[in-house]
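>>> no FASTA, just this:
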């Protein structure tokens, strides 16, 4: 993300490299990434990593209309995403142990 020239998709797209770097650091700290109309106006997203043996192997995301992407709804979205990611991680680890 920092190695290429950012493309502005909407007025919300982060194109400043320092702002992008700060966002990436926050994603690493929190373990969750957000898209608030940065790619498509009217569409938001939240994503979490899927880990296996201490490494990120995939990500799981939920795409949500901006009207439903509220501070009140976000904890429920995150709980469900993290629960699904945890289930996938357990299945991956069991498969690799077999």
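Thanks, I have it. For clarity, every value in this text was computed on a predicted model and none was experimentally measured.
>>> where does pLDDT dip in this structure?
Low-confidence segments of the chain (pLDDT under 70): 98.
>>> all strands of it, in order?
For the chain, the strands defined by DSSP state E cover 33-36, 43-52, 55-65.
>>> residues in a beta bridge with the residue lying closest to residue 35 once chain neighbours are set aside, which ones?
Distances taken as C-beta to C-beta, 6 or more residues apart in numbering put residue 45 closest to residue 35, at 4.1 Å, once the chain neighbours are dropped. In this view, the C-beta of every residue, glycine as well, is placed from N, C-alpha and C. Here residue 45 shows beta-bridge partners residue 35, residue 63, assigned using DSSP bridges.
>>> residue nearest the centroid of this structure?
For the chain, the residue nearest the mean C-alpha position is residue 47 (2.5 Å; C-alpha atoms, centre = their mean).
>>> find the nearest non-adjacent residue to that residue, please.
residue 61 (3.5 Å).
>>> hey, where'd the helices end up in this protein?
17-30, 74-97 (DSSP state H).
>>> tabulate those (JSON lines), appending distance to residue 55 and mean neighbour count.
Formatted as JSON lines, the helices of the chain follow (distance: least, C-beta to C-beta, whole Å; neighbours: other C-beta atoms under 10 Å):
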{"stretch": "helix 17-30", "distance to residue 55": "14", "mean neighbour count": "12"}
{"stretch": "helix 74-97", "distance to residue 55": "11", "mean neighbour count": "13"}
